[in-house]
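1. heads up, no residue letters with this:
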């Protein structure tokens, strides 16, 4: 990467990377830190990384840092069951996308992240596998289960409404 | 795509719902799902669940951008990079790129920084000037306590020399000549216990004891640990024998033994006297010599201890007994 290409990557990728991390963590400070750290690492290795691999490299790096953080947090904090915070009980509004974003929070972390990588970033299943260190088949199974859960969520909400 | 089974069917279903399955694979999936009715197809129109990205933006983007010097774009000065260059902290490529960029900008800053870099001689001079010289007030005064006392050292050296000398003396010399040793036994002492019972039960033990006592008297010998001795093995009557003993690591062993019957040549004798011809005497002596050579063969040692072999004659001049002696040990054999 040249400096110019690096800066171009900052322009193109930093927002989406930030959104991915924010959606995954629901923690603005953490997301900002991870984005900055990811780009710092990219700059350190900018001479070895090709421009067309930069985005994938950033997502992989950020994903791994986030997983590390999540594991540390999981050890420290006894997370309460997600069902208790399930947003569909008290939906804020009934706009489908809003509901889906709320429903996303009820998914297990891995399903949530593969859906985000697929829908937000448009990565292929193969690329998602590379970022998350899963096989293509595992990625597809996760996405299928996530979509089924989201669909069920919408269905339940319809009944409530 | 992985083979269709209960672990992968969901991946197939995703492809099915997304319209990514060929007709053949669709049929395969339908057949599989029909055969496994407990498996769920999942909801149709899963595409409804596709998320659209939200609109949050990363506010700190400017902090990530780098200028042409590899610094943050909003950092106005290039001092940091300059210092790295002058201090030689940049790689060759980085330094070259940086200098090119500066040259292109026709900046005088680089010249300024380069001029500020010291030459090797300057650096050496400055280095010497900045060397800390210790004042006497910061000296450690009790240096004597740090030295080992000489007398202790000399004691230790003497002790070491003694140990080395002892070790050297103990070291077996492979070229040393074999030291002949004879187990001296007093026949009379031995005879004290020569009653039938004792001899029958522990003849060897008694002999060992006698030989061991002899060795114990000579324990000061540095070659004691490997001793080989020739001794007369006294046993009653015809069982008299000559034996070769080894004494190693305080353990006594008989290496070889030859009985008197093997070397005493006897002829038909009269009632009380035997007249032995010179020829028989000669034969007997030869056999004894041969016997000695045989029993000492295992240690390849030539024992030339004087063997005394005497014929005892009666007043008529007839040989009535033979006396075999090894050193002071003697055995007497009365002839029939």
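-> Here it is on my side, so go on. Just so you know, these numbers come straight off a predicted model, no measurement behind them. Numbers count the residues shown, from 1 in each chain, chains lettered A, B, ... in the order given.
2. what count of nearby residues applies to residue A:108?
-> 12 (other CB atoms under 10 Å in any protein chain shown). C-beta coordinates here come from the backbone N, C-alpha and C atoms, glycine included.
3. likewise residue A:40?
-> For residue A:40, using other CB under 10 Å, the count is 12.
4. give the contact list for it.
-> Applying CB atoms under 8 Å, 6 or more residues apart in numbering or on different chains to residue A:40 gives no contacts.
5. tell me which element it falls in.
-> Assessed by DSSP states H and E, residue A:40 sits inside helix A:28-44.
6. pull out the buried positions in that helix.
-> Across helix A:28-44, burial judged by 16 or more other CB atoms under 10 Å in any protein chain shown covers A:30, A:31, A:32, A:34, A:35, A:36, A:38, A:39, A:41, A:42, A:43.
7. residue A:59 and residue A:123, how far apart?
-> As judged by CB to CB, to the nearest Å, residue A:59 and residue A:123 stand 8 Å apart.
8. which neighbours do the two share?
-> Common neighbours of residue A:59 and residue A:123 (CB under 8 Å, 6+ apart) are A:117, A:131.
9. quick one: which of those two has more around it?
-> residue A:59 (24 against 21).
10. the more buried one contacts residue A:131, correct?
-> Yes: Residue A:59 lies in contact with residue A:131 (CB atoms under 8 Å); the separation is 5.1 Å.
11. now do the shared contacts for those two.
-> Common neighbours of residue A:59 and residue A:131 (CB under 8 Å, 6+ apart) are A:117, A:123.
12. how about the helices in the stretch 1-150 of chain B?
-> B:9-17, B:23-35, B:61-64, B:79-86, B:92-104, B:109-116, B:120-129, B:150-170 (DSSP state H, counting those that start in this stretch).
13. most packed of those helices?
-> The highest average neighbour count among these, using mean count of other CB atoms under 10 Å in any protein chain shown, belongs to helix B:9-17 at a mean of 22.
14. so which elements touch it?
-> helix A:136-160, helix B:23-35 (3 or more CB pairs under 8 Å, 6 or more residues apart in numbering or on different chains; DSSP states H and E).
15. how far is the first one from where the chain is centred?
-> Right, helix A:136-160. Its chain's average C-alpha position is 16 Å from that of helix A:136-160, according to CA atoms, centre = their mean, to the nearest Å.
16. list the buried residues for it?
-> Buried, per 16+ other CB under 10 Å, within helix A:136-160: A:136-151, A:153-154, A:157.
17. ok, now how distant is residue B:32 from chain A?
-> Using CB to the nearest CB, to the nearest Å, residue B:32 is found at 15 Å from chain A.
18. nearest residue to that residue other than its sequence neighbours?
-> residue B:4 (5.4 Å; CB to CB, 6 or more residues apart in numbering or on different chains).
19. for residue A:19, same thing?
-> In space, residue A:19 is closest to residue B:56, 5.3 Å off (CB to CB, 6+ apart).
20. ok, that neighbour touching residue A:18?
-> Yes: between residue B:56 and residue A:18 there is a contact under CB under 8 Å: 6.6 Å.
21. ok, those two, which is more surrounded?
-> residue A:18 (24 against 14).
22. A helix includes that one, no?
-> Yes: according to DSSP: H, G, I helix; E, B strand; the rest coil, residue A:18 belongs to a helix.
23. check contacts around it.
-> Counted by CB under 8 Å, 6+ apart, residue A:18 has contacts A:31, A:32, A:35, B:56, B:57, B:58.
24. okay, now residue B:2: neighbour count?
-> 14.
25. which residue does the stretch 101-250 of chain B bring closest to chain A?
-> Distance from chain A to each residue of the stretch 101-250 of chain B (CB to the nearest CB) is smallest for residue B:101, at 9.6 Å.
26. do you know the pLDDT at that residue?
-> Residue B:101 carries a pLDDT value of 70.
27. ok, residue B:119 next?
-> 56.
28. do the one 3 residues further on as well
-> Confidence at residue B:122, expressed as pLDDT, is 58.
29. got it, and the one 3 residues further on?
-> As summarised for this prediction, residue B:125 has a pLDDT of 59.
30. check the buried residues of helix A:136-160 against chain B, which are close?
-> Filtering these for proximity to chain B by CB under 8 Å from any CB of the partner chain leaves A:136-137, A:140-141, A:143-148, A:150-151, A:154.
31. using JSON lines, lay out the residues you listed together with pLDDT.
-> Below are those laid out as JSON lines (pLDDT from 0 to 100):
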{"residue": "A:136", "pLDDT": "88"}
{"residue": "A:137", "pLDDT": "88"}
{"residue": "A:140", "pLDDT": "90"}
{"residue": "A:141", "pLDDT": "89"}
{"residue": "A:143", "pLDDT": "89"}
{"residue": "A:144", "pLDDT": "88"}
{"residue": "A:145", "pLDDT": "88"}
{"residue": "A:146", "pLDDT": "88"}
{"residue": "A:147", "pLDDT": "86"}
{"residue": "A:148", "pLDDT": "84"}
{"residue": "A:150", "pLDDT": "84"}
{"residue": "A:151", "pLDDT": "82"}
{"residue": "A:154", "pLDDT": "76"}
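32. pipe these into a markdown table and attach distance to residue B:14 per row.
-> As requested, those are exported to a markdown table (distance: CB to CB, whole Å):
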| residue | distance to residue B:14 |
| --- | --- |
| A:136 | 11 |
| A:137 | 10 |
| A:140 | 5 |
| A:141 | 8 |
| A:143 | 6 |
| A:144 | 4 |
| A:145 | 9 |
| A:146 | 10 |
| A:147 | 7 |
| A:148 | 9 |
| A:150 | 13 |
| A:151 | 12 |
| A:154 | 18 |
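33. tell me which of those residues is nearest to residue B:33?
-> residue A:144 (13.5 Å; CB to CB).
34. how close does the closest one sit to residue B:39?
-> Distance from residue A:144 to residue B:39, by CB to CB: 12 Å.
35. what's the answer for residue A:32, then?
-> Per CB to CB, residue A:32 is found 43 Å from residue B:39.
36. also residue B:89?
-> Counting by CB to CB, the gap from residue B:89 to residue B:39 is 63 Å.
37. which of those two has more residues huddled nearby?
-> The residue with more neighbours, out of residue B:89 and residue B:39, is residue B:39; 14 against 11, by other CB under 10 Å.
38. and the more buried one, its phi and psi?
-> Phi and psi for residue B:39, reported as degrees, to the nearest 10, are phi -80, psi 140.
39. and it, what is it in contact with?
-> Taking CB under 8 Å, 6+ apart as the test, what residue B:39 contacts is B:6, B:9, B:33.
40. so what's the closest residue to residue A:115 other than its chain neighbours up against?
-> Nearest residue to residue A:115 in three dimensions, chain neighbours excluded: residue A:146, at 4.8 Å (CB to CB, 6+ apart). By CB under 8 Å, 6+ apart, residue A:146 lies in contact with A:107, A:111, A:112, A:114, A:115, B:49.
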